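Undergrad: turn this into a structure:
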Amino acid sequence: RPLRESVILVEKIVLQQLRGMTQEAIDHAMSRPNSPTLSRRDFEFIMRNNQLRVARLQQHFRNMAMMKKRLKDIYGDRYSHLGGGSEASDDDSDREAPEKYDEEKTRRLVRADRISQILFGKQYEEFNFARRASFMHRNTEALKGRMRGWLNIPEDVNISPSCLLTLAYLAHETVAILVDYCILTRLNSSNRLVDPYSRVTSSGKSHNMLHLCPEVSQGRGLDGVKPITPQEIHEAMRRHRMMATRRSGNYRNALNFRPPYLAM
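TA: Residues are numbered from 1 along each chain as shown. Here you go, the predicted model:
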């Protein structure tokens, strides 16, 4: 069971991050004279410095489009409402893109799998439910109202269905990355003098680097079952900000005022 203080802190962090990302996307959308509607392309633009995250977002939409197409083929008109948010012609969600090896997500999934292997039946059910919880909703209008109310988006801002799905994805991704960073912070204990972010960031090396993850090879998956504390959350965010604003050689870019977003 998560701690109540940790849940409140995670909600505040996710809300702050999503509002910041949404405001940047709105500013970019308003700069277009002909098409000021907020869409997924605006979020991809502010993520342009991390092509791996952009490819992950595009892959997510391709998987969703494929899943809805298969459900339509199986159930026909009985589940026609499943395709309510799939009209993403403005974003071309099914466009072809070269696949990239996502080392960061692979390591995150390996750590989650290691934790799940030592859970009992009831614990695994709660673990599986927590990993599937998100803002995704079959009713587009319900999703739009929920997101507008939570993020306090102005009423005069037009939001496309693909933008709502993007916000839901970014909320889920932010929570997943934050929890994973907290687990890495916990594993970086006094008997583990290893920088956890050396295993988080993509280094471009081969797939065989997975055996270098001590949390997998040393069987410390039990540490991830314990509730995450607010102190670990604060420490994880501190390390994330430190890595996101690290120096470039002996100099720091004084013009880079952009806050470090977990999902970008």
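Undergrad: can you pull out the helices in this structure?
TA: With DSSP state H as the criterion, the chain has helices at 4-30, 40-46, 51-75, 103-116, 121-132, 140-151, 161-187, 214-217, 230-244.
Undergrad: quick one: find the helix or strand in this protein with the lowest mean pLDDT.
TA: helix 214-217 (a mean of 49; mean pLDDT, DSSP states H and E).
Undergrad: surely Tyr169 and Asn63 touch.
TA: No - with contact defined as Cβ atoms under 8 Å, Tyr169 does not count as touching Asn63 (10.8 Å). The C-beta positions use only the backbone N, C-alpha and C, and glycine is treated the same way.
Undergrad: those two: who's more crowded?
TA: Each of Tyr169 and Asn63 has its neighbours counted (other Cβ atoms under 10 Å); Tyr169 has more, 21 against 11.
Undergrad: give me the nearest residue to that one, chain neighbours excluded.
TA: Leaving aside its chain neighbours, Tyr169 sits nearest to His60 (5.6 Å; criterion: Cβ to Cβ, 6 or more residues apart in numbering).
Undergrad: can you tell me how far Pro33 sits from Arg41?
TA: Per Cβ to Cβ, to the nearest Å, Pro33 is found 16 Å from Arg41.
Undergrad: comparing the two, which residue is more hemmed in?
TA: Per other Cβ under 10 Å, whichever of Pro33 and Arg41 has more neighbours is Arg41, with 19 against 6.
Undergrad: gap between that one and Gln58?
TA: Here Arg41 is placed at a distance of 11 Å from Gln58 (Cβ to Cβ).
Undergrad: likewise Pro260?
TA: Counting by Cβ to Cβ - Pro260 and Gln58 are separated by 22 Å.
Undergrad: more crowded one of these two?
TA: Neighbours around Pro260 and Gln58, counted as other Cβ under 10 Å, are more numerous at Gln58. The numbers are 21 against 15.
Undergrad: for the nearest residue to Cys163 once chain neighbours are set aside, name its beta-bridge partners.
TA: Spatial nearest neighbour of Cys163, excluding adjacent residues (Cβ to Cβ, 6+ apart): Leu38 at 4.9 Å. As for beta bridges, Leu38 partners with Ile159 under DSSP bridges.
Undergrad: shouldn't Leu38 be in contact with Val157?
TA: Yes - under the criterion of Cβ under 8 Å, Leu38 makes contact with Val157 at 6.0 Å.
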